[in-house]
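Enquirer: what follows is a protein structure lacking sequence information:
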Ligand code: SF4
């Protein structure tokens, strides 16, 4: 069995499963957020009763992160619905925007968009917050009401996005009927060269198979190249499996996985025991390829879908209006460090927005000093509009007052993960997906630029 099949077999209490088979699996974690949470709660109450209790209080994680820092009253109200449900059910893992469990969330637009407006429990973007807060564990099953839930496959777990109806059912029963996906095998060899990042790996893979090339399939990444990647890098790769239609992505378990997961579970007091899955000689794949990481170059996914692959060096004629750094894919600490390495001591010449994925990342950037200047200040000095309000922000457009949203038909190079028409706002805007390094170099020139021209 492949890694994915092994996890599903265990969760289904079966000795083995085969691709195409339907199995009932037990969930280890159900995550929801402010956009889908109210709908999921509605389904749960409709189907199980107004006074029903969730199947396991400690296995539900609720993370408001999408439409948070907006004066849109309906969006603010969504966070209040989550808070009321958490109080009613006594759920321990709710990463609220405010500290008062009896309060109401109202974004204060008069304070502007840059200075933080959240309390001590706020965790930021769900997929980045889940591992930071100790909710991702090898060998487990994570369901989330968000398509990029597949990011947690970086931790050797089966993680996939589900709709509100399925999530309402999981909330009541802890189980879900799943078809076992076929597995595509991506063996990674070699190591990335300077100026080439994990984002380039996944943009390369999606370019190979197309934006629907992995529909309802598992993407297994392994080999020495996968082992060479940091956990942040593995998260970037796994995050975008869905951009090729994938059901999930999965990496092998190793010492890096163990160190990250153990430290985070211990620090946050979450469950510490887990059972990883390992490869064996009986794996059957529906597709196999080997990628030499040392041969990859800075890559761009062009408008209007993530499979439109080109090399950055082929696109000097693509003029840009905007650059955007952020999201679960491209808003991690390591992403911002690469971004800053290229911008340090220089000035961007187009509107450039920086949105860290979580408050922890904001703190990292504000406390990491390079020659007595924080990375945060290096970016601000380079002309980047940095916000402390860690969230999804303009990654998926959002209400019109969302930080970085494209309200006119602009061309933007972005470290985010999705570029279908209208994704970041105006439906005639164009989004070019690239690594943080390529976004930085392009912000300096105003057109798509190979970052290797700017390496120190
Ligand atoms: S940052 Fe973007 S991709 Fe990630 S969860 Fe938020 S909206 Fe989705």
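Expert: On my side now, so go ahead. All of these numbers come straight from a predicted model, not from anything done at the bench.
Enquirer: list the contacts for residue 54?
Expert: 44, 60, 89, 91, 171, 172 (Cβ atoms under 8 Å, 6 or more residues apart in numbering). Backbone N, C-alpha and C define where each C-beta goes, glycine included.
Enquirer: would you mind naming the helix or strand containing it?
Expert: According to DSSP states H and E, residue 54 maps onto no helix or strand at all.
Enquirer: need the per-residue pLDDT for it.
Expert: The score at residue 54 is 98. That number is its pLDDT.
Enquirer: now do it against residue 270, distance only.
Expert: In this view, residue 54 and residue 270 are 17 Å apart by Cβ to Cβ, to the nearest Å.
Enquirer: go ahead and confirm residue 79 touches residue 69.
Expert: No. Using Cβ atoms under 8 Å, residue 79 is not in contact with residue 69, being 10.9 Å away.
Enquirer: burial of residue 134, as a residue count?
Expert: Neighbourhood size, residue 134 [other Cβ atoms under 10 Å]: 21.
Enquirer: pretty sure it sits in a strand.
Expert: No. Counting by DSSP: H, G, I helix; E, B strand; the rest coil, residue 134 is not found in a strand; it is coil.
Enquirer: surely it touches residue 260?
Expert: No. The pair residue 134 / residue 260 is not scored as a contact, 10.0 Å apart, by Cβ under 8 Å.
Enquirer: what helix or strand is residue 379 on?
Expert: Here residue 379, judged by DSSP H and E, is contained in helix 375-381.
Enquirer: make a markdown table out of the contacts of residue 54 and add pLDDT and neighbour count.
Expert: Converted to a markdown table, the contacts of residue 54 look like this (pLDDT from 0 to 100; neighbours: other Cβ atoms under 10 Å):
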| residue | pLDDT | neighbour count |
| --- | --- | --- |
| 44 | 98 | 24 |
| 60 | 98 | 25 |
| 89 | 98 | 18 |
| 91 | 98 | 17 |
| 171 | 98 | 29 |
| 172 | 98 | 18 |
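Enquirer: turn those into a markdown table, including secondary structure.
Expert: Below are the contacts of residue 54 laid out as a markdown table (three-state DSSP):
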| residue | secondary structure |
| --- | --- |
| 44 | helix |
| 60 | strand |
| 89 | helix |
| 91 | coil |
| 171 | helix |
| 172 | helix |
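Enquirer: compute the distance between the residue nearest the centre of the chain and the ligand, please.
Expert: Centroid check for the chain by Cα atoms, centre = their mean gives residue 328 as the closest residue, at 3.2 Å. Between residue 328 and the ligand the distance is 3 Å, computed by Cβ to the nearest ligand atom, to the nearest Å.
Enquirer: tell me the contacts of that residue?
Expert: Residues near residue 328 by Cβ under 8 Å, 6+ apart: 125, 126, 127, 128, 148, 151, 235, 239, 357, 392, 395, 417.
Enquirer: mind running it again at 6 Å?
Expert: With contacts defined as Cβ atoms under 6 Å, 6 or more residues apart in numbering, the neighbours of residue 328 are 125, 127, 128, 148, 239, 357.
Enquirer: domains for the chain, by residue range?
Expert: Residue ranges for the domains of the chain, per automatic domain parsing: 3-14+21-177, 179-295, 300-454.
Enquirer: tell me if the second one is near the ligand.
Expert: No. With Cβ under 6 Å from any ligand atom as the criterion, the ligand is not reached by domain 179-295; the gap is at least 7.5 Å.
Enquirer: tell me which stretches of the stretch 51-200 of the chain form strands.
Expert: In the stretch 51-200 of the chain, the segments counted as strands under DSSP state E, counting those that start in this stretch are 60-62, 93-94, 141-144, 158-161, 175-179, 182-189.
Enquirer: pLDDT weak spots in this structure?
Expert: Applying pLDDT under 70 to the chain flags no residue at all.
Enquirer: near the ligand, which residues of it show up?
Expert: Counting by Cβ under 6 Å from any ligand atom, the chain sits next to the ligand at 66, 125-127, 146, 148, 327-328, 392, 395-396, 416-417.
Enquirer: out of the residues you listed, which are inside helices?
Expert: 126, 127, 327, 328 (DSSP state H).
Enquirer: from residue 86, how far out is residue 223?
Expert: 42 Å.
Enquirer: element containing residue 352, please.
Expert: Residue 352 is part of strand 351-355, with elements assigned from DSSP H and E.
Enquirer: if we can go back for a sec, by neighbour count, which of the ones in helices among the residues of the chain next to the ligand wins?
Expert: Neighbour counts for these, by other Cβ under 10 Å, peak at residue 127, which reaches 32 neighbours.
Enquirer: what residues are up against that one?
Expert: Residues near residue 127 by Cβ under 6 Å, 6+ apart: 148, 151, 328.
Enquirer: out of the residues you listed, which one sits closest to residue 204?
Expert: Nearest to residue 204 among the contacts of residue 127 is residue 151, at 18.0 Å by Cβ to Cβ.
Enquirer: hmm, residue 235 and the closest one touching each other?
Expert: Yes. With contact defined as Cβ atoms under 6 Å, residue 151 counts as touching residue 235 (5.2 Å).
Enquirer: who has more neighbours, the two?
Expert: Taking other Cβ under 10 Å, residue 151 and residue 235 do not tie; residue 151 has more neighbours (33 against 27).
Enquirer: residues in contact with the more buried one?
Expert: Applying Cβ under 6 Å, 6+ apart, we find residue 151 in contact with 127, 235, 238, 239.
Enquirer: and the two most separated of those residues?
Expert: 127 and 238 (9.3 Å).
Enquirer: gap between residue 433 and residue 195?
Expert: Per Cβ to Cβ, residue 433 is found 17 Å from residue 195.
Enquirer: with neighbour numbers in mind, choose between the two.
Expert: Applying other Cβ under 10 Å to residue 433 and residue 195 shows that residue 433 carries more neighbours, namely 32 against 22.
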